[in-house]
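A.B. asks: Pasting the sequence and the predicted coordinates here, then a few questions.
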Amino acid sequence: MRIIVDEFIAEKYNIDARLSPFVSNSMEFRSIMARTNALVSGSVALDFFKRTPAQPEQELDIFIAGFKNTSTFCDYLKTEGYDFYP
């Protein structure tokens, strides 16, 4: 039974697959999030926990705790090809 549960979780709660449309390396993205106290919210987070398919043209909402972490996170996003306009 444990194997079935593990396989279900690995398939249905695969955060790397959910983030892959937004960033080229989801592990690096998650590492930056951890170092900057960032949090994914909005429809991406909701759909992930509801286990519903990603929606086309879905936006990735990110909250960052503390102003000092903002520049680090934005610098990373620029390397991913995003633009930042304060």
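C.D. replies: That came through, no problem.

A.B. asks: Run through the residues that contact the spatially most central residue of the chain.
C.D. replies: Centroid check for the chain by CA atoms, centre = their mean gives L19 as the closest residue, at 4.8 Å. Counting by CB atoms under 8 Å, 6 or more residues apart in numbering, L19 makes contact with S26, F29, R30, V40, L60. All C-beta atoms are positioned from the backbone trio N, CA, C, and that covers glycine.

A.B. asks: okay, now the third one: neighbour count?
C.D. replies: The reference is to R30. For R30, the neighbour count with other CB atoms under 10 Å is 16.

A.B. asks: Give me the local confidence score for it.
C.D. replies: For R30, the pLDDT comes out at 96.

A.B. asks: From the contact counts, what lies against the helix or strand hosting it?
C.D. replies: Counting by DSSP states H and E, the element that carries R30 is helix 26-36. Here helix 26-36 touches helix 15-19, strand 38-41, helix 67-79, going by 3 or more CB pairs under 8 Å, 6 or more residues apart in numbering; DSSP states H and E.

A.B. asks: Let's verify the residue nearest to L39 when sequence neighbours are not counted: helix, strand, or coil?
C.D. replies: Leaving aside its sequence neighbours, L39 sits nearest to F63 (CB to CB, 6 or more residues apart in numbering; 4.8 Å). When classified by DSSP: H, G, I helix; E, B strand; the rest coil, F63 comes out as strand.

A.B. asks: ok, and the most crowded of the contacts of L19?
C.D. replies: Neighbour-wise, the contacts of L19 (other CB under 10 Å) top out at F29, 24 neighbours.
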